[in-house]
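*Asks:* got a predicted model here, sequence first, then my questions.
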Amino acid sequence: MADSPPPVSKSKTALEADGTARRRDARMQKSFVHNDLKEAYFFAAPNRMWQIQSYDQKATPQQGAALAAELNTDLAFELCGDFATEVINAYMPESEIWCRRSRGPSVPQEAFDKIKDQVEKADDQIFLAIRASNFYSEFSKAADPDLSIGAVALWIQRPRMSEPIVCSALPIHEFDIRLGPYGEIDDRFVTRFTENSHVRSLVGEDVWEKVPEETKKLIADKPTNKTEIWWGFWRLWDRHEDEVWQYVTYVGKQLVHDEELRGEGCCPMVVMRWNPSPDFAWSMGPLRQTLPTLRQVDELEIMRIEHAENSARPPIGYPDDSFAAIENGFEPNMAYPIRVGSEGAIKPIYNPPPADAANYQYEEKEHRLRKLFYVDFPQQSGDTPPTASQWLDEMARAQRRIGRPGLSFWNEGPAKIFTRFKYLLEENGSIPVIKIDDKNISLLPYNPTQRAAEQQEIAMAVHGLQLCAQFFPEEFKVNIDGKATMKALLDKLRVKLVVFRDPEAVKTAVDQISKLLGGQAPGAQNTAQAELSTNPAP
């Protein structure tokens, strides 16, 4: 006889009720946008349209196939794919290091300068781990079309200390979210219905040991049945000593595991939104914004198809006493008996008017859709191609447009992904924990979209240098420290491939330039030094 489960403490009972109530509220948040989510899936992923609520098990493929047959345009498929590609290339390009830690407000500049090289080396290791994982493939899977709808979730975890970090895309029908006290995503839950034969491997051995014996027996006796497993995370805002998250695991309705996670990046579930609102958990992504236009485009396609069909096979009239009923039309290569004298009675009821292509064109609507999806690339509007400056201006305008809703996406998505990888690498000792005076410090992730402001700063500096060199050439060469200025510019550009000469090599180069300038002339050495500082030899 199996041992009876240990009595549940009052605190655990309260925690179990708290987790259930929080998930119920998060599910209610999704129910408010249920119809929008289903319609968005209808246009962009009809096979998944029935999978919205976390308490619904997966629909059969036949249901999705029937829905797909009702769709008359594939424009949303293209737009969602292009949008996901633009976001990845803008914020998380695979070939670049798209996030760096910078000095926080509590870290003095002098102290940060001492650990700067250590921070950069650790950041390089973090991106090696990101590229070695399956992050890009899983994020691409999650982003199309969920990011266009408004929310994407990833589960980032290391199964074992000796294994690489694994990312898992969470579909919308599996997760529920709720806002916290400061308008950010706080409560987050994942619900999954899995076959009983997979429950043990899914929850892990540590959690499986805590499952009551009665539940284990029910699972073992019916291996093909499904069991509901769900996980929950929410921030403990009353804990001020560190970032602390409450983590719970339920099997069915029973709380089988609870744990407090500590540290920045400790929560394995990362939820990111595009264009969120301050008062509601589910954001208004471009696919939800364009639903009215997508409906119109779909209706225009239906009208165009129906007009073409009526033109090719117009309705006819016939006397019902002449021959067999032909309500369903004529078949090719068939002979039909007709009573003598009734031959002229079979004729079209009306002649469809010629198709006016202007009635079924929706290029303007398609352009508006592409604008809302931030994929309205510069186009040539006339016979004359746009100049380079016009093209760059349009590209800059498009980047500014995607930057506004992307600010919140950056904070909730790429920055948290970077921080999560940092946490996991620090956990197994792959990178050191950055400390100042033996105290752990928190550094701010650097947003690559800030480069636009830095580029403006660099442009102004270059413009100032050009003016000084033009109006005060001699004073410019004497007063400007060329090496320090170049290093500052390259640091601002985040260029690392440029290597400066050591002092001995600089001296040799100065001697060579002195000879070229006529080294015997008075002041030639100083002139050569100034020339080298502003125009270094290759």
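*Replies:* That came through, no problem.
*Asks:* quick check: closest non-adjacent residue to Ser31.
*Replies:* Leaving out its chain neighbours, the residue that sits closest to Ser31 by C-beta to C-beta, 6 or more residues apart in numbering is Gln53, at 7.3 Å. (C-beta placed from N, C-alpha, C; glycine too.)
*Asks:* secondary structure class for that neighbour?
*Replies:* In three-state terms, and counting by DSSP: H, G, I helix; E, B strand; the rest coil, Gln53 is coil.
*Asks:* neighbours around it, how many?
*Replies:* Gln53 has 16 neighbours, counted by other C-beta atoms under 10 Å.
*Asks:* contacting residues around it?
*Replies:* 27, 30-31, 34, 173 (C-beta atoms under 8 Å, 6 or more residues apart in numbering).
*Asks:* may I see the PyMOL selection of the buried members of these?
*Replies:* In PyMOL, this line selects whichever of those come out buried by 16 or more other C-beta atoms under 10 Å:
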select buried, resi 27+30+173
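*Asks:* can you flag which of the contacts of Gln53 belong to helices?
*Replies:* Among these, the residues falling in helices (DSSP state H) are 27, 30-31, 34.
*Asks:* output the residues you listed in JSON lines, with distance to Gln296 and pLDDT appended to each entry.
*Replies:* Shown next, in JSON lines, are the ones in helices among the contacts of Gln53 (distance: C-beta to C-beta, whole Å; pLDDT from 0 to 100):
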{"residue": "Arg27", "distance to Gln296": "32", "pLDDT": "93"}
{"residue": "Lys30", "distance to Gln296": "27", "pLDDT": "92"}
{"residue": "Ser31", "distance to Gln296": "27", "pLDDT": "90"}
{"residue": "His34", "distance to Gln296": "23", "pLDDT": "90"}
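*Asks:* now these in JSON lines, with distance to Ser162?
*Replies:* Shown next, in JSON lines, are the ones in helices among the contacts of Gln53 (distance: C-beta to C-beta, whole Å):
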{"residue": "Arg27", "distance to Ser162": "38"}
{"residue": "Lys30", "distance to Ser162": "38"}
{"residue": "Ser31", "distance to Ser162": "43"}
{"residue": "His34", "distance to Ser162": "43"}
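*Asks:* ok, the residues you listed vs Pro164, which is closest?
*Replies:* Among the ones in helices among the contacts of Gln53, Lys30 lies closest to Pro164 (C-beta to C-beta), at 32.5 Å.
*Asks:* next, the contact list for the residue lying closest to the closest one once chain neighbours are set aside, please.
*Replies:* The spatially closest residue to Lys30, leaving aside those adjacent along the chain, is Asp176, at 5.7 Å (C-beta to C-beta, 6+ apart). Residues in contact with Asp176 (C-beta under 8 Å, 6+ apart) are 23, 26-27, 29-30, 54, 188-189, 191.
*Asks:* mind running it again at 7 Å?
*Replies:* By C-beta atoms under 7 Å, 6 or more residues apart in numbering, the residues touching Asp176 are 23, 26-27, 30, 54, 189.
*Asks:* host element of it?
*Replies:* Using DSSP states H and E, the element containing Asp176 is strand 175-179.
*Asks:* what about the closest residue to Ser54 other than its chain neighbours, distance to Val152?
*Replies:* Leaving aside its sequence neighbours, Ser54 sits nearest to Thr191 (C-beta to C-beta, 6+ apart; 3.9 Å). According to C-beta to C-beta, to the nearest Å, Thr191 and Val152 sit 17 Å apart.
*Asks:* re earlier: could I get the pLDDT score of the residue nearest to Lys30?
*Replies:* With respect to pLDDT, Asp176 scores 95.
*Asks:* partner residues bridging it?
*Replies:* With DSSP bridges as the criterion, Asp176 is bridged to Phe189.
*Asks:* give me the neighbour count for the closest residue in space to Lys210 that isn't next to it in sequence.
*Replies:* Once flanking residues are discounted, Lys210 sits nearest to Val256: 4.8 Å by C-beta to C-beta, 6+ apart. The tally of other residues near Val256 (other C-beta under 10 Å) stands at 20.
*Asks:* what sits against Val256?
*Replies:* Counting by C-beta under 7 Å, 6+ apart, Val256 touches 207, 210-211, 249-250.
*Asks:* 8 Å - rerun?
*Replies:* With contacts defined as C-beta under 8 Å, 6+ apart, Val256 is in contact with 203, 207, 210-212, 249-250.
*Asks:* could you say which helix or strand contains it?
*Replies:* Using DSSP H and E, Val256 sits within strand 254-262.
*Asks:* what's the following helix or strand past that strand packed up against?
*Replies:* Per DSSP H and E, strand 254-262 leads on to strand 269-273 as the next helix or strand towards the C-terminus. Here strand 269-273 touches strand 151-157, strand 175-179, strand 185-195, helix 388-412, helix 414-427, going by 3 or more C-beta pairs under 8 Å, 6 or more residues apart in numbering; DSSP states H and E.
*Asks:* among the ones you listed, show the one with the smallest mean pLDDT.
*Replies:* Among those, helix 388-412 carries the lowest mean pLDDT, at a mean of 66.
*Asks:* Glu16: which of the helices and strands packed on strand 269-273 is closest?
*Replies:* Among the helices and strands packed on strand 269-273, strand 185-195 sits nearest to Glu16 (C-beta to C-beta), with 13.8 Å.
*Asks:* determine the set of other helices and strands touching the closest one.
*Replies:* Contact partners of strand 185-195 among helices and strands, from 3+ C-beta pairs under 8 Å, 6+ apart: helix 10-32, strand 151-157, strand 175-179, strand 226-235, strand 269-273.
*Asks:* which parts of this structure are strands?
*Replies:* Taking DSSP state E to define them, one finds strands in the chain at 100-102, 151-157, 166-170, 175-179, 185-195, 226-235, 244-251, 254-262, 269-273, 316-317, 347-348, 435-436, 439-440, 444-446.
*Asks:* point out the most buried one among those strands.
*Replies:* Mean neighbours per residue, mean count of other C-beta atoms under 10 Å, is largest over the strands of the chain for strand 269-273, with a mean of 24.
*Asks:* distance across stretch 124-144, terminal residue to terminal residue?
*Replies:* 28 Å (C-alpha to C-alpha, to the nearest Å).
*Asks:* tell me the gap between that stretch and the middle of its chain.
*Replies:* Centre-to-centre, stretch 124-144 and its host chain are 11 Å apart (C-alpha atoms, centre = their mean, to the nearest Å).
*Asks:* I'd like the helices and strands packed on strand 269-273 laid out as a markdown table, including distance to Pro292.
*Replies:* Listed next are the helices and strands packed on strand 269-273 as a markdown table, based on distance: least, C-beta to C-beta, whole Å:
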| stretch | distance to Pro292 |
| --- | --- |
| strand 151-157 | 21 |
| strand 175-179 | 25 |
| strand 185-195 | 27 |
| helix 388-412 | 19 |
| helix 414-427 | 31 |
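*Asks:* which stretch among the ones you listed comes nearest Thr227?
*Replies:* strand 185-195 (6.4 Å).
*Asks:* on that earlier part again, what's the farthest-apart pair in the contacts of Gln53?
*Replies:* Within these, Ser31 and His173 form the most distant pair, 12.7 Å apart (C-beta to C-beta).
*Asks:* quick one: low-confidence ranges for this structure?
*Replies:* Within the chain, the stretches with pLDDT under 70 are 1-10, 58-68, 313, 315-362, 377-401, 403-404, 439-456, 493-494, 496, 517-538.
*Asks:* re the thing from before, from the ones in helices among the contacts of Gln53, pick the one nearest Leu147.
*Replies:* Checking these one by one against Leu147 (C-beta to C-beta), the nearest turns out to be Lys30, at 16.6 Å.
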